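A.B. asks: A predicted structure for the sequence below; I have some questions about it.
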Amino acid sequence: MSAPVEIVLLYQSLLGIYGDRGNAMVLRQRLAWRGIDATLTIVEPGDSVPTTGAVYLLGGGEDAAQTSAVRALKADGHLFGAIERGAVLFAVCAGYQIAGRTFTVGENDDVIDGLGLLDVTTTRGTERAVGEVLSTWTKPDGTESLLTGFENHGGFTYLGPDATPLARVEIGVGNSGDGTDGAVQGTVLGIYPHGPILARNPDLADHLLELALGHDLDPLPNPELDELRRQRIAAVRKAGLRR
Ligand code: GLN
């Protein structure tokens, strides 16, 4: 029997205010529904980050908390080795910002070094981006999937040459209002929306799992979820005209 697939949820005490912990539950449940054994490891600052994870998750939080989180992750150091070995990092909002090269915090826009796992930089945006986001993600097989979520961020993120945008924004701000949201670089993915985004977008959840496992997974048809997505997307499109 193979070892359980380990999902590692990082620093919820710092980066837990937007409910992104739900992403961990979604990943574990989608494996369980397929009969794949999975464990959820919850890591707080001061705990040693395991090197055995398949998927590592970072969520959203406030400026001061994300500064503490990046310091603690660097002091621990184990996340870097895990990514080098091919583990997946999925980072949302503040987590996305700290995965990058630098981000700014506070009234004086102090520049803080990020983890450097994504070739992106974040600086204070022209206005705070708050509201629903609807975007299109082109999957590795070339097919498209709509992503829905909600954003709430003051930082705007700009991609360098080593990072590729994850999605094209139809409604909302995303990275910086340039029509893109998120970034991908190898097995590191970051994006702005909460939701939790993997609950709202099961295709993206399965993509992360497939990337981590190195093989395709059986589809999990769910007409009820499809209908909920259809309704939400229609509502966001209707309301989006007024945003
Ligand atoms: N503190 C960051 C910003 O405002 C991230 C916010 C968040 O995680 N939602 O840009």
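C.D. replies: Right, received. Where do you want to start?
A.B. asks: make it CA atoms for all contacts and neighbour counts henceforth
C.D. replies: Noted.
A.B. asks: ranges for the helices of the protein?
C.D. replies: 22-32, 63-76, 78-84, 94-99, 197-200, 202-213, 223-240 (DSSP state H).
A.B. asks: what's the angle from the first one to helix 202-213?
C.D. replies: Yep, that's helix 22-32 we're talking about. With axes from the mean of the first three to the mean of the last three C-alpha atoms, to 10 degrees defining the directions, helix 22-32 sits at 70 degrees from helix 202-213.
A.B. asks: just the CA atoms of helix 22-32, as CSV, please.
C.D. replies: Only the C-alpha atoms of helix 22-32 are listed here, as CSV (Å, rounded to 0.1, in the frame of the first residue of the first chain):
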residue,chain,number,x,y,z
GLY,A,22,-11.4,25.0,3.3
ASN,A,23,-9.0,24.4,0.4
ALA,A,24,-7.2,21.7,2.5
MET,A,25,-10.5,20.0,3.3
VAL,A,26,-11.5,20.0,-0.4
LEU,A,27,-8.3,18.4,-1.5
ARG,A,28,-8.5,15.7,1.2
GLN,A,29,-12.2,15.0,0.4
ARG,A,30,-11.7,14.8,-3.3
LEU,A,31,-9.0,12.2,-2.7
ALA,A,32,-11.2,10.3,-0.2
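A.B. asks: which outside residues touch it?
C.D. replies: Residues outside helix 22-32 that contact it (C-alpha atoms under 8 Å, 6 or more residues apart in numbering): 7-9, 37-40, 57, 196-199, 205-206, 209.
A.B. asks: cool, and the second one?
C.D. replies: Defining contact as C-alpha under 8 Å, 6+ apart, one finds that helix 63-76 is touched by 11, 14-15, 45-46, 48-49, 79, 94-95, 98, 105-106, 112, 114-115.
A.B. asks: same deal with the third one?
C.D. replies: Helix 78-84 has contacts (C-alpha under 8 Å, 6+ apart) with 48, 49, 50, 51, 52, 53, 73, 89, 187, 188.
A.B. asks: quick revisit: PyMOL command to pick out the buried ones of the contacts of helix 63-76?
C.D. replies: Buried residues among the contacts of helix 63-76 (16 or more other C-alpha atoms under 10 Å), as a PyMOL selection:
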select buried, resi 11+14+15+45+49+79+94+95+98+105+112+114+115
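A.B. asks: show me the two of the contacts of helix 63-76 that sit farthest apart.
C.D. replies: 48 and 106 (28.8 Å; C-alpha to C-alpha).
A.B. asks: could you give the backbone dihedrals for whatever residue of the chain ends up closest to the ligand?
C.D. replies: The ligand sits closest to residue 60 of the chain, with a gap of 3.1 Å, by C-alpha to the nearest ligand atom. The phi and psi torsions at residue 60 (degrees, to the nearest 10) take the values phi -90, psi 160.
A.B. asks: that one against residue 15, yeah?
C.D. replies: Yes: using C-alpha atoms under 8 Å, residue 60 is in contact with residue 15, at 5.1 Å.
A.B. asks: need the overlap of contacts for those two.
C.D. replies: Counting by C-alpha under 8 Å, 6+ apart, the residues touching both residue 60 and residue 15 are 94, 95.
A.B. asks: enumerate the residues of this protein near the ligand.
C.D. replies: 60, 61, 62, 63, 93, 94, 152, 153, 154, 155 (C-alpha under 6 Å from any ligand atom).
A.B. asks: closest one to residue 240 out of those residues, please.
C.D. replies: residue 152 (15.6 Å).
A.B. asks: pLDDT wise, what is the nearest residue to the closest one once chain neighbours are set aside at?
C.D. replies: Distance criterion C-alpha to C-alpha, 6 or more residues apart in numbering; nearest residue to residue 152, sequence neighbours excluded, is residue 130 at 4.4 Å. Looking at residue 130, its pLDDT stands at 97.
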